[in-house]
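Undergrad: build me a structure from this.
(chains A and B)
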Amino acid sequence: MNARIRNATAAAAVFLALCAVPFLFGKFAVYLTIRIMLLGIFAVGYNLLLGQTGLLSFGHGAFYAAGAYGLGLFGARFSTDPLLGVAAGVVAAVLLALLVGYICVRHTEIYFAMLTLACGMMAFSFFWNAREITGGDDGLIGIMRAPVSLFGAVKMPIGKDEQFYFFVLFFFALSVWAAHRIRRSPFGLALAGIRENARRSEFAGVPVRRYRLAVFVLSGAFAGLAGSLEALLESNARPFMAHWTHSAEPVLVSLLGGLSSLTGPLVGGAIFVAMREIIQRFTENWMLGFGIVLLVIIMGFRGGVVGTLSVLFRKAAAPREG
Amino acid sequence: MSAPLLSTRKLSNHFGMVCTARDLDLSFEQGVLTSIIGPNGAGKSTLINLLTGYLPVQAGKIIFQGRDITRLPIHRRVRMGICRSFQIVNVFPELTVAQNVMIPVLARTGRAWRPIRRLSRETALMRETEAMLAKVGLLAERDTPATALSHGDLRLLEVGVALAAAPTLLFLDEPTAGMNPVERVRLLDNIRELAREGRTTFVVVEHDMDVVFSLSERIIVLHRGEILCDGTPESVRADAKVREVYLGDDVTDLFRYREEE
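TA: Residues are numbered from 1 along each chain as shown, chains lettered A, B, ... in the order given. Next up, the predicted model:
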């Protein structure tokens, strides 16, 4: 129970600090924090698949892109309401994830990873080539940030980044909370069982394939949410969102922060975005710097940043308790 | 006699040229504690693997409670009431002892689909888990990760995970392998008691003849994928063909046991 109170307090403190960002810092920090939260949503959902269930996908960029294109196309044809648009983006991602997942979850390990990669590349080339629908290599441009209206009554503008920030923060908090609950739920335990021993899970009566599909679609929904929010942030949807290099981002971020915790991918995402945006200002070769950091972490600190810190923390606390 | 719990018709299996099950017609009756014995390579594990879905059936049929389950996937068979433990410990290594037992309970009750509910609020699950851990004698280790258990405790957990699925028919593949005598007696007492309760019918594969003859009501002797002998412990012990096959280490076991009686 003690640990639960401590975690809740820490979460509340981070949330308040995030609320304060637009009031304390300038435009760039606000933009950077939005990017961190977007990658956070993407990675925290993705880690339900990788960290919790032990499935490595290289195709989640496709669902991210489906979210962005879903919102963009829905906005162009039906309504520019951002909440409806986000919902449309998530639905698009879920549908695509169902299709891709149905094919991929029949296999595991390297075969699963390669199938997701193949499906992701097919999605990329669809977005790239279906010019009439997706705008081809230009993508969808000029996506608007219309005001949020709740039942047509209250209208909240999100046109400025400082306003949009809170829109993103809402979904970020929701995603982190949902991922937290999923990890500690009966469903989460069944997923951990599949990661630990898929064969035994079947002999425990768990329909393993169906659970794999469920978590695949679920993580696809998180990706779609992040993608639709990015479409609103950048006012466009680009085919490169579905590119495999983008699919690799949540993998790298989860490894960087640590696979076995909720906070791992969040911390990893923050480091990743900060490094990219800051180093990029000085040199084109930011990947070189990031590569070195990743190398050190994977070779020296297997648990990632969060895993390593929590081990150090426990070591520091142990003598006092004993 | 009532209809058997499970029966097979001409069940066969080959690994290349090696025949591990040849036209097996077997049936298991409700409540009869049965052992399957036979020399190495006799097809004991293959038989369990076929019946529980671990291996696909190449030829023949399996009927469970009147339903053809020959092609059913593993998890469906488990939900119908057929479960097993493994010869080599096969649990969820990084999960705690309690979590290991929770997974089959959740799957059986259909609660594993709940994605938002807190695990700790599942009071019925917690109660059932603790009862199961008490039954196999692992309550003190409930929060220990499975990897940190001793070999004997792991074997107990292996059986506990299988029992937690509340099977009607449970196959135990060498449940006492590598156990010390104290643990072995404890586990066998457990099996006997559970068998007497009558909810689960046990079928045990064993190498240890003391265990086999003290535990079973019926013994099936397999040899090269065929049934060599099938009957009460007394009739099996008296069977000339069985003695012939068991020339070697085990024959002395068989005779020693008889002399001690």
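Undergrad: CA only for contacts and neighbour counts going forward, please
TA: Will do.
Undergrad: and B:C19, how many neighbours does it have?
TA: B:C19 has 16 neighbours, counted by other C-alpha atoms under 10 Å in any protein chain shown.
Undergrad: phi, psi of it?
TA: Here is the backbone geometry of B:C19 (degrees, to the nearest 10): phi -100, psi 120.
Undergrad: same thing with A:L225?
TA: The phi/psi pair for A:L225 (degrees, to the nearest 10) reads phi -60, psi -50.
Undergrad: repeat for A:F203
TA: Phi and psi for A:F203, reported as degrees, to the nearest 10, are phi -80, psi -10.
Undergrad: low pLDDT regions in the chain?
TA: I went with chain A, as the question did not name one. Chain A contains residues with pLDDT under 70 at A:1, A:318-322.
Undergrad: let's do chain B instead
TA: Using pLDDT under 70, the flagged stretches of chain B are B:1-2, B:247-261.
Undergrad: hey, where'd the helices end up in the chain?
TA: Using chain A here. Here chain A has its helices, by DSSP state H, at A:2-24, A:27-47, A:60-77, A:82-104, A:109-129, A:131-134, A:161-183, A:186-196, A:198-203, A:208-234, A:244-257, A:263-282, A:286-300, A:304-321.
Undergrad: actually, chain B is the one I wanted.
TA: Going by DSSP H, chain B shows helices at B:44-52, B:74-80, B:97-109, B:123-136, B:151-164, B:181-197, B:209-215, B:233-238, B:240-245, B:249-260.
Undergrad: hmm, who's touching the third one?
TA: Residues lying outside helix B:97-109 but in contact with it, judged by C-alpha atoms under 8 Å, 6 or more residues apart in numbering or on different chains, are A:186, A:189-190, A:193, A:201, A:204-206, B:79, B:91-92, B:112, B:125-126, B:128-130, B:132-133, B:138, B:141-146, B:157, B:160-162, B:164-165.
Undergrad: now with 7 Å, please.
TA: Under the criterion C-alpha atoms under 7 Å, 6 or more residues apart in numbering or on different chains, residues A:190, A:204-206, B:79, B:92, B:112, B:125, B:129, B:141-146, B:160-161, B:164-165 lie in contact with helix B:97-109.
Undergrad: PyMOL command to pick out the buried ones of these?
TA: One line in PyMOL is enough to select the buried ones among the contacts of helix B:97-109; burial here means 16 or more other C-alpha atoms under 10 Å in any protein chain shown:
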select buried, (chain A and resi 190+204+205+206) or (chain B and resi 79+92+112+125+129+141+142+144+145+146+160+161+164+165)
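Undergrad: look at residue 233 and say how many residues are nearby.
TA: With no chain named, the answer covers chain A. By other C-alpha under 10 Å, neighbour count at A:L233 equals 23.
Undergrad: that's the other chain; I wanted chain B
TA: Other residues within reach of B:P233, judged by other C-alpha under 10 Å, total 20.
Undergrad: what's near enough to touch it?
TA: B:F213, B:E217, B:R218, B:I219.
Undergrad: touching chain B at all, stretch A:47-62?
TA: No: judged by C-alpha under 7 Å from any C-alpha of the partner chain, stretch A:47-62 stays clear of chain B, getting no closer than 11.6 Å.
Undergrad: now B:A166: closest residue in space that isn't a chain neighbour?
TA: Nearest non-adjacent residue to B:A166, counting by C-alpha to C-alpha, 6 or more residues apart in numbering or on different chains: B:G81, 7.1 Å away.
Undergrad: if you could redo that for A:A118, that was the one I meant.
TA: In space, A:A118 is closest to A:G59, 7.6 Å off (C-alpha to C-alpha, 6+ apart).
Undergrad: would you agree B:M179 is in contact with B:D153?
TA: No: taking contacts as C-alpha atoms under 7 Å, B:M179 lies outside contact range of B:D153: 8.8 Å.
Undergrad: okay, now the residue nearest to A:A118: neighbour count?
TA: Using other C-alpha under 10 Å: A:G59 sits among 30 other residues.
Undergrad: what number of residues are in the vicinity of B:S216?
TA: B:S216 has 19 nearby residues by other C-alpha under 10 Å.
Undergrad: from B:V136, how far off is it?
TA: Separation of B:S216 from B:V136 (C-alpha to C-alpha, to the nearest Å): 20 Å.
Undergrad: residue numbers of the stretch 1-150 of chain B in contact with chain A?
TA: Within the stretch 1-150 of chain B, the positions adjacent to chain A are B:74-76, B:78-79, B:83, B:90-94, B:103-104, B:107-108, B:111-119 by C-alpha under 7 Å from any C-alpha.
Undergrad: ok, back up a step: backbone dihedrals for the residue nearest to B:A166, both of them.
TA: The phi/psi pair for B:G81 (degrees, to the nearest 10) is phi 120, psi 10.
Undergrad: same check, this time on the one 4 residues further on
TA: Listed backbone geometry of B:S85 is phi -110, psi 170, with angles given as degrees, to the nearest 10.
Undergrad: is it true that B:R22 touches B:I227?
TA: No: assessed by C-alpha under 7 Å, B:R22 is found out of contact with B:I227, at 8.8 Å.
Undergrad: so what's A:M241 closest to, chain neighbours aside?
TA: Going by C-alpha to C-alpha, 6+ apart, A:M241 has A:A65 as its nearest residue, at 5.1 Å.
Undergrad: mind checking how far stretch A:143-152 is from the chain centre?
TA: 24 Å (C-alpha atoms, centre = their mean, to the nearest Å).
Undergrad: kindly format the C-alpha coordinates of it as PDB.
TA: Output of stretch A:143-152 as PDB, limited to C-alpha atoms (Å, rounded to 0.1, in the frame of the first residue of the first chain):
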ATOM      1  CA  ILE A 143      -5.400  19.800 -41.300                       C
ATOM      2  CA  MET A 144      -7.200  22.300 -39.100                       C
ATOM      3  CA  ARG A 145      -7.400  22.600 -35.300                       C
ATOM      4  CA  ALA A 146     -11.000  23.500 -34.900                       C
ATOM      5  CA  PRO A 147     -12.200  24.300 -31.300                       C
ATOM      6  CA  VAL A 148     -13.200  21.500 -29.100                       C
ATOM      7  CA  SER A 149     -16.900  21.500 -28.400                       C
ATOM      8  CA  LEU A 150     -18.500  19.400 -25.700                       C
ATOM      9  CA  PHE A 151     -22.100  18.600 -26.800                       C
ATOM     10  CA  GLY A 152     -22.100  21.900 -28.800                       C
END
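Undergrad: pull out the buried positions in it.
TA: Buried, per 16+ other C-alpha under 10 Å, within stretch A:143-152: A:I143, A:M144, A:R145, A:A146, A:P147, A:V148.
Undergrad: which one is the second one nearest to, not counting chain neighbours?
TA: Counting by C-alpha to C-alpha, 6+ apart, A:M144 lies nearest to A:S235, which is 6.2 Å off, once chain neighbours are set aside.
Undergrad: tally of neighbours for that neighbour?
TA: 17.
Undergrad: for B:M179, same thing?
TA: 18.
Undergrad: how close does the closest residue to it other than its chain neighbours get to chain A?
TA: Leaving out its chain neighbours, the residue that sits closest to B:M179 by C-alpha to C-alpha, 6+ apart is B:G152, at 5.1 Å. Note on B:G152: its distance to chain A, by C-alpha to the nearest C-alpha, to the nearest Å, is 19 Å.
Undergrad: doesn't B:V182 make contact with B:G152?
TA: No: judged on C-alpha under 7 Å, B:G152 makes no contact with B:V182 at a distance of 9.7 Å.
Undergrad: quick check: end-to-end length of stretch A:20-34?
TA: Start and end residues of stretch A:20-34 are separated by 13 Å (C-alpha to C-alpha).
Undergrad: give me the contacts around that stretch.
TA: By C-alpha under 7 Å, 6+ apart, the surrounding residues in contact with stretch A:20-34 are A:D161, A:E162, A:Y165, A:V168.
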